[in-house]
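>>> Coordinates for the following, if possible.
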Amino acid sequence: MKKLLPIIIFICWNSITAQELEIPVKLLSNSKAVTQRYLGMDAFGWEYTIADNEFRKTKDKQTLKYRSVSLGEIYKADIQNPLQIVLFYRKFNTVVLLDNQLNETSRINFSDLQQPLIAEAAGLSSQNKLWLYDMTSQQLGLYDLASGNFKTITPPFNDSIKYFQNDYNYFYWIDSHNNSYRVNIFGNVASMGAVPDFNRVQILSGNELIYENDNKLYFYNLEKQSKTAILTVEKSLRNFHYAAQILTIFTDSEINTYKITLPK
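Model prediction:
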């Protein structure tokens, strides 16, 4: 019995430690899902989705829609500025800009430029410019919407882009070897560290992200290289979105919204 006691204590301690490594969540709402990609919500309460390859914004049962049949699939949508939304159609090497009523204000086919580009990544930057990764030069740069000029700001990338994300001041990316980086508008590149294998990911800051792997969500600290499981009940996770302590999870049949407090 005396020999068994340390083993029992060890098992109990490991059980307590494992429980401490899970981030609890509080269910706020549950609704039926439709076939769509959820993109987020702006400061005015409009929700943005893509359904049937149609870009939509919805609020109080009012829905605005935009579709371009000729451009095919919407690869990425940048909604950080509701007055200047950026839709990136990668297969057609084109970006479409929309106003807050989803009227098309500009369409840029990078193949038609005086010096053609092949855009692999695109998103809104500051000062009326777009982040743009050009496959031809394998460099990231800024495309000036007013002048139509493109200026590279980084050396050529060593590896292909597996995932990218941007805001006004930074462009973030994870390469094919799961190394993560960020660069500011002045071209200063910084390594953020290695990222675990993931199916889906959302970068929260220069050293924090949430990722999904094998239908499980984790909060990951890049500086500490540590992960913490997020305690949810979904068995089939199709997508997720985090903003302002609200975690939204999409399955094949439900949309669940949680209140969550991430570790500091």
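>>> quick one: pLDDT of residue 17?
Looking at residue 17, its pLDDT is 39.
>>> Next secondary structure after the least confident helix or strand in the chain by mean pLDDT?
Within the chain, judged by mean pLDDT, DSSP states H and E, the helix or strand with the poorest mean is helix 4-20; its value is a mean of 42. Downstream of helix 4-20, the first helix or strand assigned by DSSP states H and E is strand 22-23.
>>> Tell me which other helices or strands that next one touches.
Packed against strand 22-23 by the contact rule (3 or more Cβ pairs under 8 Å, 6 or more residues apart in numbering; DSSP states H and E) you find strand 226-230. All C-beta spots, glycine's among them, are computed from the backbone N, C-alpha and C.
>>> Buried residues in the strand it packs on, which are they?
In terms of neighbour count (16 or more other Cβ atoms under 10 Å), strand 226-230 has its buried residues at 228, 230.
>>> Contacts for it, please.
Residues from elsewhere that reach strand 226-230 (Cβ atoms under 8 Å, 6 or more residues apart in numbering): 21-23, 25, 196, 210, 216-221, 247, 260, 263.
>>> ok, so of the residues you listed, who is nearest residue 59?
Nearest to residue 59 among the contacts of strand 226-230: residue 247, at 20.7 Å, using Cβ to Cβ.
>>> Pretty sure that closest one sits in a strand.
Yes: counting by DSSP: H, G, I helix; E, B strand; the rest coil, residue 247 is part of a strand.
>>> Touching, it and residue 261? I think so.
No: if you go by Cβ atoms under 8 Å, residue 247 and residue 261 don't touch, sitting 10.3 Å apart.
>>> And these two? Which one has more around it.
Using other Cβ atoms under 10 Å, the more surrounded residue of residue 247 and residue 261 is residue 247, with 23 against 10.
>>> OK, contacts around the residue positioned nearest the centre of the chain?
In the chain, the C-alpha nearest the mean C-alpha coordinate belongs to residue 202, at 4.4 Å (Cα atoms, centre = their mean). Residue 202 makes contacts with 165, 209-211, 240-242, as judged by Cβ under 8 Å, 6+ apart.
>>> can you pull out the helices in the stretch 51-200 of the chain?
Shown for the stretch 51-200 of the chain, no helices are assigned by DSSP state H, counting those that start in this stretch.
>>> pLDDT weak spots in it?
For the stretch 51-200 of the chain, no stretch is flagged by pLDDT under 70.
>>> how close does residue 147 sit to residue 42?
From residue 147 across to residue 42, the span is 28 Å (Cβ to Cβ, to the nearest Å).
>>> More neighbours: those two, which one.
Neighbour totals were compared for residue 147 and residue 42, and residue 42 leads with 18 against 10 (other Cβ under 10 Å).
>>> wait, what's in contact with that one?
48, 79, 82.
>>> What of residue 81?
Counting by Cβ under 8 Å, 6+ apart, residue 81 makes contact with residue 124.
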